[in-house]
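**Student:** Would you be able to build a 3D model of this:
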Amino acid sequence: MGVRRWLDSWPVYRQLTGTDPLGRGAAAESPSSATLQPRIADADRMACSVCPYCAVGCSQQVFVKDERVIQIEGNPDSPISRGRLCPKGSASKQLVTGPHRAQKVLYRAPYATEWSELDLDQAMDMVTDRVLDARAKGWQEHDDKGHLLRRTMGIASLGGATLDNEENYLIKKLFTAMGAIQIENQARI
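**Tutor:** Numbers count the residues shown, from 1 in each chain. Predicted structure coming up:
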């Protein structure tokens, strides 16, 4: 390797002799970084979305290739977040594509030591039966003074911050319609 070729591979020399005196562009670029491409370069399409975690409403760009999410980034056109996402929003791709995401309904019967897989319809029927039973057992039509209550004390809801805004909204409406009054969300606690 000649001296000239060695000097050309040295970023400081390129910075001092080239058109990039601050070393923020081509002078700082290594041969390996010159061949890199953004993760979104081969995306088929991009869809705009909203971060699912809190009520701020940061806009996201969701990049899709072969109908699979390959990257989620902040939307620079958003007046709310201006392309920035918090740590939870930055990790929202894992919510959709993470290997630990549950794909099957698991059930552990009372006093059982093992989980078993259930059919989704069977699991939904079990949940419905138990919710209706708890609602009926805890139902209060009137108080001691005869005031109309129409509520149940047998059901409460504590929503999680990993649920998105739409899910929390629908849960609130559902539990209110069923007569529950103890409805809270982790994001507010």
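**Student:** Quick check: what element follows the lowest-mean-pLDDT helix or strand in the chain along the chain?
**Tutor:** When each helix and strand of the chain is scored by mean pLDDT, DSSP states H and E, helix 3-8 comes last, with a mean of 62. Next helix or strand after helix 3-8 toward the C-terminus (DSSP states H and E): helix 11-17.
**Student:** Check which residues of that following helix are buried.
**Tutor:** Across helix 11-17, burial judged by 16 or more other C-beta atoms under 10 Å covers Arg14, Gln15. (Each C-beta comes from the backbone N, C-alpha and C, glycine too.)
**Student:** again, but for stretch 127-139
**Tutor:** Under the neighbour-count criterion of 16+ other C-beta under 10 Å, stretch 127-139 has Val131, Ala134, Arg135 buried.
**Student:** Now, these that are in helices?
**Tutor:** The helices, defined by DSSP state H, take in Val131, Ala134, Arg135 from the buried residues of stretch 127-139.
**Student:** Redo these as TSV? Include pLDDT and distance to Ala34.
**Tutor:** Output for those, formatted as TSV (pLDDT from 0 to 100; distance: C-beta to C-beta, whole Å):
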residue	pLDDT	distance to Ala34
Val131	93	59
Ala134	93	63
Arg135	93	64
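**Student:** Looking at those residues, which is nearest Pro31?
**Tutor:** Using C-beta to C-beta, Val131 is the member of these that lies nearest Pro31, at 62.2 Å.
**Student:** ok, now how distant is that closest one from Lys137?
**Tutor:** 11 Å (C-beta to C-beta, to the nearest Å).
**Student:** Cys51 versus the residue most central in space within the chain, what's the distance?
**Tutor:** Geometric centre of the chain, nearest residue: Ser92, 3.9 Å, by C-alpha atoms, centre = their mean. Counting by C-beta to C-beta, the separation of Ser92 from Cys51 is 6 Å.
**Student:** Ok, Gln122 next?
**Tutor:** Going from Gln122 to Cys51 by C-beta to C-beta gives 34 Å.
**Student:** Of those two, give the one with the bigger neighbour count.
**Tutor:** Cys51 (24 against 11; other C-beta atoms under 10 Å).
**Student:** So the more buried one is in contact with Val62, correct?
**Tutor:** No: using C-beta atoms under 8 Å, Cys51 is not in contact with Val62, being 10.6 Å away.
**Student:** how about the strands in the chain?
**Tutor:** Remark: strands assigned in the chain by DSSP state E are 45-50, 59-65, 68-74, 105-107, 116-118, 139-142, 148-159, 180-185.
**Student:** I'd like these written out as JSON lines, with mean pLDDT added.
**Tutor:** Supplementary listing: the strands of the chain in JSON lines, determined by pLDDT from 0 to 100:
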{"stretch": "strand 45-50", "mean pLDDT": "89"}
{"stretch": "strand 59-65", "mean pLDDT": "91"}
{"stretch": "strand 68-74", "mean pLDDT": "88"}
{"stretch": "strand 105-107", "mean pLDDT": "92"}
{"stretch": "strand 116-118", "mean pLDDT": "93"}
{"stretch": "strand 139-142", "mean pLDDT": "91"}
{"stretch": "strand 148-159", "mean pLDDT": "89"}
{"stretch": "strand 180-185", "mean pLDDT": "86"}
